[in-house]
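> everything below, folded, please.
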Amino acid sequence: MTIQAAANPSQSQFTANPALTASLAVTVIAAATLAGAWFFQLVLDILPCPLCLEQRYAYYLAVPLGALVALAAAKDAPRPLLLAGLAVLALATLGNAGLGAYHSGVEWHFFQGPTDCTGPVGNLGSAGSLLERLDTVKVIRCDEVQWRFLGLSLAGYNVLISLLMAAIAAWGAVKTARRA
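Residues are numbered from 1 along each chain as shown. Have a look, this model is predicted:
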C-alpha cells in the first residue's frame with residue numbers, strides 16, 4: 001500500500017476498483033442529464049419531441065444499472081458480472097449516441113425524420129371535434145430545434161454525453177478485465 005493510499009483510503013478504492021469508479025461516474029452523469037432534461041421540460045417549458053423521449057430510455061437504464069454495478073463492484077462481485085454490466089452500459093449509451101446523432105441529423109435536415117414527428121398531419125377526426133382537438137394538441141416536431149447553445153441542440157449534447165458515458169463504461173470494462 002502506498003503512502004497516498006493509506007492517507008486517503010476512499011481514493012485508493014476508486015483507483016483500485018475501476019468497475020466501481022466507471023459505474024458510479026455513469027450513474028451520476030446519467031442522473032444529472034435526466035435532471036437537466038426534466039428541468040428543461042418542466043421549468044423552461046421546452047417540451048420534448050418523440051425522438052427526445054426515446055433518447056431518455058438509455059438514461060433510465062443507466063441510472064439503476066450503473067448503481068447496481070457499482071454496488072456489485074463495492075461488494076467484490078465476480079468479474080464476469082461486472083464486465084457484463086459495464087458492457088451493457090457501454091452498448092446502451094453508444095446506441096443512444098447513435099440515436100442522438102440521427103436526431104441531430106433530422107434537425108439539420110440531413111435525414112428524413114419519423115413521420116410521427118416530422119411528417120404530414122394524419123387523421124384529425126370529425127369536423128365537429130376538430131377545433132376542440134386543435135386547442136388541446138401541441139405537436140412538438142423532431143426537425144425543429146427549440147434550444148441551441150454554442151451551435152448544438154439538446155440532441156447534439158446528448159450525443160456528446162452518451163459518448164462520454166460509453167467511453168467511461170468501456171474504460172471501466174477494460175481496466176476491470178486487466179485487473180489481477
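
> any buried residues in the helix or strand containing residue 21, and which?
Assigned by DSSP states H and E, residue 21 falls within helix 18-42. Neighbour-count burial for helix 18-42 flags 18-27, 29-30, 33, 37, 40 (criterion: 16 or more other C-beta atoms under 10 Å). Any C-beta I mention is one placed from the backbone N, CA and C, and that applies to glycine too.

> what's the closest of those to residue 50?
Nearest to residue 50 out of these is residue 37 (C-beta to C-beta; 14.1 Å).

> from residue 143, how far off is the closest one?
Counting by C-beta to C-beta, to the nearest Å, the gap from residue 37 to residue 143 is 19 Å.

> flag the shaky bits of this protein, pLDDT-wise.
Within the chain, the ranges that satisfy pLDDT under 70 run 1-15, 113, 115-139, 141-142, 145, 147-148, 180.

> if we go to 80?
Along the chain, segments meeting pLDDT under 80 span 1-15, 107-149, 151-154, 179-180.

> centroid residue for it?
Central residue of the chain (C-alpha atoms, centre = their mean): residue 59, 3.9 Å from the mean position.

> how about the helix or strand it falls within: buried residues?
Using DSSP H and E, residue 59 sits within helix 50-74. Neighbour-count burial for helix 50-74, counted by 16+ other C-beta under 10 Å, picks out 50-52, 54-56, 58-59, 61-63, 65-67, 69-70, 72-73.

> with stretch 144-157 instead?
146, 152, 153, 154, 155, 156, 157.

> just the ones of the residues you listed in strands?
Counting by DSSP state E, the part of these found in strands is 152, 153.

> can you redo the buried residues of stretch 144-157 as JSON lines with distance to residue 176?
Formatted as JSON lines, the buried residues of stretch 144-157 follow (distance: C-beta to C-beta, whole Å):
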{"residue": "146", "distance to residue 176": "40"}
{"residue": "152", "distance to residue 176": "32"}
{"residue": "153", "distance to residue 176": "35"}
{"residue": "154", "distance to residue 176": "32"}
{"residue": "155", "distance to residue 176": "31"}
{"residue": "156", "distance to residue 176": "31"}
{"residue": "157", "distance to residue 176": "28"}
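
> got the contact list for the nearest residue to residue 29 once chain neighbours are set aside?
Nearest residue to residue 29 in three dimensions, chain neighbours excluded: residue 165, at 5.5 Å (C-beta to C-beta, 6 or more residues apart in numbering). Each residue near residue 165 by C-beta atoms under 8 Å, 6 or more residues apart in numbering is listed here: 25, 26, 29, 30, 62, 89, 93.
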